[in-house]
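Chemist: Here you go, sequence then predicted model.
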Amino acid sequence: MFSHVMLGVSDLEVSRKFYDALLGTLGLGPGVANKNRYFYRSPGGTFAISTPINGQPATYGNGSTLGFSMASPEQADAFHAAGVANGGTTCEDPPGYREGPIRRARTASRSPQEPALMKAAVFHGPRDIRFEDVPRPVLNEGEALMRIRACGICGSDLHTYREGLFLQLGLPLEQGRVLGHEFSGEIVEVCGEMPDVQVGGRYTTVSVGGNAEFLRITPQIASRMIPIPDHLSFEEAATTEPLATSLHAVELADPKDDQVMVVMGAGIIGLGVLQCIRARSSARVIVVDLSERRLQLARELGAHLTINASEEDA
């Protein structure tokens with residue numbers, strides 16, 4: 001149907017190097033120069049790159065797809081690896097299969113000239129959070145890229161939103177910062193060697209910047225990552241950090257079977273404390289709160305007695 005496909009590029013030599021490596025994995029190239037263009041010819045058609053003839057900067061089609069036919073999954077993996085190694089970035093997920101027998105082509109790589117953006121909820125000041133396009137993380141050797149699948153809203157995030165407190169719990173950007181420190185996701189790219197971190201792996205961890213599509217995983221963050229079992233959802237896994245806070249409190253209290261424990265507050269931490277006490281001892285547990293809805297949850301989770309402090313003394 002088509003005799004050729006030509007893409008506009010801003011830097012001809014940077015793009016030529018990229019496509020020489022990328023298309024070389026398919027047995028094509030190097031590109032043949034013709035004035036301000038390079039051509040890659042094959043029996044099925046011609047692919048070319050060119051600086052725009054009107055002298056204006058090259059642009060890209062957001063949402064457009066250019067598919068290359070692969071002879072095997074191994075060739076697709078080599079195609080992806082060559083693109084990443086020569087300045088491209090993974091633009092969706094790692095190479096793989098869609099629902100059916102077709103190889104995932106559009107996930108292979110993105111040209112180095114194409115701006116890599118992502119959506120993020122950016123905090124600019126008290127009661128000012130905006131959904132914006134921000135630069136997608138660029139990986140260094142020994143780092144990974146996580147696609148965020150779930151992120152909790154901590155009480156500290158509410159203090160930041162309302163009062164501008166705890167700014168250290170946000171990932172700074174050129175303008176604003178991205179909140180979110182209890183999250184889960186899947187690894188979509190690894191740059192170089194990262195022991196125990198696998199592309200496609202599902203993990204939860206603690207860091208900052210979770211209210212975005214992607215997050216750069218450094219070795220320090222990776223050391224805190226926990227694999228998510230298959231039976232847990234991303235939403236459930238994102239509650240690991242607050243549950244760990246509850247568990248730590250219970251371990252410090254060290255409840256005994258014949259004791260009575262009082263939990264002041266039935267938010268996510270308090271309810272986690274209740275569950276941890278019930279899991280490790282036969283101690284009786286009293287939960288105090290001002291919210292009847294929260295107290296009902298406490299009773300459902302095993303509280304022996306609940307007290308609504310807005311109605312009676314605790």
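Modeler: Received it, and whenever you're ready, just let me know what you need.

Chemist: Is residue 178 in contact with residue 213, as I believe?
Modeler: No. Using CB atoms under 8 Å, residue 178 and residue 213 do not qualify as a contacting pair, with a distance of 10.4 Å. For glycine as for every other residue, the C-beta is placed from the backbone atoms N, C-alpha and C.

Chemist: Between the two, which contacts overlap?
Modeler: residue 120 (CB atoms under 8 Å, 6 or more residues apart in numbering).

Chemist: Give the residue from these two that has the larger number of neighbours.
Modeler: Set side by side, residue 178 and residue 213 show unequal neighbour counts under other CB atoms under 10 Å, the larger going to residue 178 at 22 against 15.

Chemist: In contact with that one, which residues?
Modeler: Going by CB under 8 Å, 6+ apart, residue 178 touches 120-123, 134, 170-171, 208-212.

Chemist: Bridge partners for it, pull those for me.
Modeler: When bridges are taken as DSSP bridges, the partners of residue 178 come out as residue 122, residue 171.

Chemist: all helices of the stretch 151-300 of the chain, in order?
Modeler: Shown for the stretch 151-300 of the chain, the helices assigned by DSSP state H, counting those that start in this stretch span residues 155-163, 219-222, 234-237, 240-253, 268-280, 292-300.

Chemist: I'd like those helices as a markdown table, with mean neighbour count and mean pLDDT appended.
Modeler: Formatted as a markdown table, the helices of the stretch 151-300 of the chain follow (neighbours: other CB atoms under 10 Å; pLDDT from 0 to 100):
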| stretch | mean neighbour count | mean pLDDT |
| --- | --- | --- |
| helix 155-163 | 15 | 94 |
| helix 219-222 | 15 | 94 |
| helix 234-237 | 17 | 96 |
| helix 240-253 | 16 | 96 |
| helix 268-280 | 20 | 96 |
| helix 292-300 | 15 | 97 |
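
Chemist: Residue 138: which of those helices is closest?
Modeler: With respect to residue 138, and counting by CB to CB, the nearest of those is helix 219-222 at 15.7 Å.

Chemist: picking up where we left off before, may I ask which of the contacts of residue 178 has the most neighbours?
Modeler: Ranking these using other CB under 10 Å puts residue 120 first, with 29 neighbours.

Chemist: still on that earlier bit, who wins for proximity to residue 182 among the helices of the stretch 151-300 of the chain?
Modeler: Counting by CB to CB, residue 182 lies closest to helix 240-253 out of these; the figure is 3.9 Å.

Chemist: and the closest one, how far out from the chain's middle?
Modeler: For helix 240-253, the separation from the chain centroid amounts to 25 Å (computed by CA atoms, centre = their mean, to the nearest Å).

Chemist: surely residue 294 meets residue 268?
Modeler: No. Between residue 294 and residue 268 there is no contact under CB under 8 Å: 9.8 Å.

Chemist: Now distance to residue 308 too, for the helices of the stretch 151-300 of the chain, in TSV please.
Modeler: TSV is the format used below for the helices of the stretch 151-300 of the chain (distance: least, CB to CB, whole Å):
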stretch	distance to residue 308
helix 155-163	21
helix 219-222	41
helix 234-237	29
helix 240-253	22
helix 268-280	14
helix 292-300	6
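
Chemist: Out of those, which gets nearest to residue 87?
Modeler: Going by CB to CB, the one of the helices of the stretch 151-300 of the chain nearest residue 87 is helix 219-222, 22.7 Å.

Chemist: Assign the residue nearest to residue 85 when sequence neighbours are not counted to helix, strand or coil.
Modeler: Excluding its sequence neighbours, the residue lying closest to residue 85 (CB to CB, 6 or more residues apart in numbering) is residue 21, at 7.0 Å. Three states are possible here, and by DSSP: H, G, I helix; E, B strand; the rest coil the one that applies to residue 21 is helix.

Chemist: quick one: residue 21 from residue 204, how far?
Modeler: The spacing between residue 21 and residue 204, counted by CB to CB, to the nearest Å, is 35 Å.
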